[in-house]
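>>> my questions concern the predicted model and sequence given below.
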Amino acid sequence: MEISMQKIREFHRQSIQDREGFWAREARRIHWETPWSKVLDDSRLPFARWFVGGRTNLCYNAVDRWLDTQADQPALIWVSTETDQEIVYTWAELAREVQVAAAMLQSLGVVQGDRVLIYLPMIPQAAFIMLACARLGAIHSVVFGGFAAHNLAQRIDDAQPGVVVSTDAGSRGGRPIAYKPLLDQALSQSVHQPDHVLLVDRGLVPMSLQAGRDLDYATLRARHLDVQVPVVWLESNEPSYILYTSGTTGNPKGVQRDVGGYAVALCASMEYIFGGKPGDTYFSTSDIGWVVGHSYVVYGPLLNGQATVMYEGTPIRPDAAILWRIIETHRVNALFSAPTAIRVLKKHDPALLTRHDLSSLDRIYLAGEPLDELTGQWLSEALNKPVIDNYWQTETGWPILSAQPGVEEVPTRYGSPTFPVYGFDVRVVSEASGLDSGPNEKGVVAIEPPLPPGAMSTIWRNDERFVTTYFESFPGRQTYSTSDWGRVDDDGYWFILGRTDDVINVAGHRLGTREIEESVNTHPAVAESAVVGVADPIKGQQAVGFAVLRDSALLDAPDGRTRLEAEIKKVVEQRNGAVARPSRILFVGSLPKTRSGKVLRRAIVALCEGRDPGDLTAVEDPSALEQIRGVL
Ligand code: PRX
């Protein structure tokens, strides 16, 4: 079959050449209480304002709007293999829980513009509270449950929430993981104190409540049953949420998202990228604490009238067929997961892949980390389904590069997230010249402003950091840098070649090495450290730390090395959570640095991966690299 790819190229061209016309058409997908007066205000780039003057509401569009046509159909399908529970909420039931949650928040004094911090596992209340915030115009900030006290305290101080919503515990592999003690610890470290902490008691572990501050969700819920809370209509550019993400400093950035642009962009992506329509069922395995959980567990599917599966559990418990069983049971049409999950499945009996009826499933989408060719091909052939690699970031909120079967079916290539998505004027820019690179030339993946609807509007309360972090990488050119290397081949297929900065990706989790180093350095025996991401066959990367001790004699004590390594890992786990725990801590006398004191991470990573560390003329002390080679 000859495929022209004319349509997808033309669609993309229109979206860039006539941004206003293109997005004005797409904006009809959602309800506007008041129409906008201008589609795009780009008078103050790199800040872009979409649908200026228009008033709408994410909760109304994601919930209320579907009540007339599909009130009794499934909306939120919650499956927990951790606690052996399954609850299907129809649109009517979802609407009711969201109303109650909004009334509860209101009773705690939450009004438009207030922040609500959500520190919850994959339970329905997380979605209820997010949507309730959206209804009230309150700004939610969801913190990943795998993060620990230090991360949480940083986010509490930056977002300054009036209310924190949490729980007694999450669960992993059938074992409860307490949340409340971590939250209490975070609140003992943070300067800011919320007025109230609302706690979902799952009965998994005992929890102590602080009188006056801590409230029980079920008790408060019972007091607000059947309350109707009116929608607060927000100007399109008001903030809907903050989601913190890691970068090159120890301070995570609060990615701020708008209301109208996000609703339009997600709704359109559900059709063009994910091939969905109202009444379909969508299943993303992401945690609610990451951007995929925001865009494609909660908002995207619901905005397009699609049921969403919210899953608490792992891909291999009770067995490695669980994802496929959920797809069969709930007639899922599209699955969104991460390459790591599939690499884990690859190690199990292939018969488990074909045990279930997957006839409802059209496509599988994988994102969040590089999808290696072998994994993509293995899955696609084993299931006989298209596997689509999509590339994006917390900052963009939705895919930058992806096949777009809702626009046109094009042949995919393993190892490539195919083409730029409409709305994103993506380029590969030469780091040296700041000019666009030619075909097959490696450069930095960049996006010409304005960023499309749905992408970040700014960094929470830090416009200046937004500009300096993202738009000042290339001298003389104000272009958004993704901090990823990329390349485009002769046929226009894109390839992502890893990060340009110190951010690493462990099992699809984006982590800042600087944050982990700061935690390693809090151990009293450590003078300084370097944490790097090293290739891992399953997780993509793993964190490995190199520590210089204040007194190296500590290593001579019996078990000195093992004990210190365990202690340092523990410190990281306590501050940043188990996701950030380095797989190894190795001790060296000094770190390889340039004469200006910059740690040579790329050289360290190369040595760890058994590659040639490259040009080392800049190293101040070559013996430091030899030491690293030695301890490896
Ligand atoms: O380095 C890229 C990698 O993950 C980063 C973004 O992570 P996060 O903000 O957590 O957002 C994930 C949204 C899916 C990117 O800068 N990344 C994401 N998707 C891919 C990828 N690398 C290669 N291929 C991908 N498909």
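Thanks, I have the structure now. Numbers count the residues shown, from 1 in each chain.
>>> all helices for the stretch 401-550 of the chain, in order.
463-470, 513-521 (DSSP state H, counting those that start in this stretch).
>>> helices along the stretch 201-350 of the chain, start to end?
Under DSSP H, counting those that start in this stretch, the stretch 201-350 of the chain gives helices at 217-222, 260-272, 291-293, 300-303, 322-330, 339-345.
>>> with mean neighbour count added, can I get those in a markdown table?
No exception for glycine: its C-beta is placed from N, CA and C like everyone else's. Formatted as a markdown table, those follow (neighbours: other Cβ atoms under 10 Å):
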| stretch | mean neighbour count |
| --- | --- |
| helix 217-222 | 15 |
| helix 260-272 | 27 |
| helix 291-293 | 24 |
| helix 300-303 | 29 |
| helix 322-330 | 20 |
| helix 339-345 | 22 |
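>>> TSV for those, including mean pLDDT?
Below are the helices of the stretch 201-350 of the chain laid out as TSV (pLDDT from 0 to 100):
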stretch	mean pLDDT
helix 217-222	98
helix 260-272	98
helix 291-293	98
helix 300-303	98
helix 322-330	98
helix 339-345	95
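>>> list the buried residues of stretch 99-117.
Neighbour-count burial for stretch 99-117 flags 99-106, 108, 110, 114-117 (criterion: 16 or more other Cβ atoms under 10 Å).
>>> actually stretch 62-78, sorry about that
Judged by neighbour count using 16+ other Cβ under 10 Å, the buried positions of stretch 62-78 are A62, V63, D64, R65, W66, Q70, Q73, P74, A75, L76, I77, W78.
>>> same deal with stretch 361-381?
For stretch 361-381, a neighbour-count test (16+ other Cβ under 10 Å) marks 361-372, 375-376, 378-380 as buried.
>>> closest to the ligand out of the helices of the stretch 201-350 of the chain?
Taking Cβ to the nearest ligand atom, helix 291-293 is the member of the helices of the stretch 201-350 of the chain nearest to the ligand, at 5.1 Å.
>>> where in the chain is pLDDT low?
1-4 (pLDDT under 70).
>>> domain assignment for it?
3-313+390-468, 503-631 (automatic domain parsing).
>>> spell out which parts of this protein neighbour the ligand.
Proximity of the chain to the ligand is confined to 245, 290-292, 367-371, 389-394, 417, 482, 484, 496, 499, 505, 510 under the rule Cβ under 6 Å from any ligand atom.
>>> and if we set it to 8 Å?
With the criterion set to Cβ under 8 Å from any ligand atom, the chain comes near the ligand through 245, 290-292, 339, 366-371, 389-396, 399, 401, 417, 482-484, 496, 498-499, 503, 505, 508-510.
>>> once you drop chain neighbours, what's closest to I326?
For I326, ignoring the flanking residues on the chain, the nearest one in space by Cβ to Cβ, 6 or more residues apart in numbering is V79 at 5.7 Å.
>>> host element of that neighbour?
Here V79 sits within strand 74-80, counting by DSSP states H and E.
>>> who does that strand pair with, and is each partner parallel or antiparallel?
strand 85-90 (antiparallel), strand 307-312 (parallel) (DSSP bridges).
>>> and I604, which of these is closest to it?
strand 307-312 (36.9 Å; Cβ to Cβ).
>>> how about the closest one: buried residues?
A307, T308, V309, M310, Y311, E312.
>>> returning to what we had before: would you reformat the helices of the stretch 201-350 of the chain as JSON lines and include distance to V205?
Shown next, in JSON lines, are the helices of the stretch 201-350 of the chain (distance: least, Cβ to Cβ, whole Å):
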{"stretch": "helix 217-222", "distance to V205": "16"}
{"stretch": "helix 260-272", "distance to V205": "35"}
{"stretch": "helix 291-293", "distance to V205": "23"}
{"stretch": "helix 300-303", "distance to V205": "31"}
{"stretch": "helix 322-330", "distance to V205": "24"}
{"stretch": "helix 339-345", "distance to V205": "27"}
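>>> so for E26, which of these sits nearest?
helix 260-272 (4.7 Å).
>>> show me what that closest one is packed up against.
helix 19-26, strand 47-52, helix 58-62, helix 300-303 (3 or more Cβ pairs under 8 Å, 6 or more residues apart in numbering; DSSP states H and E).
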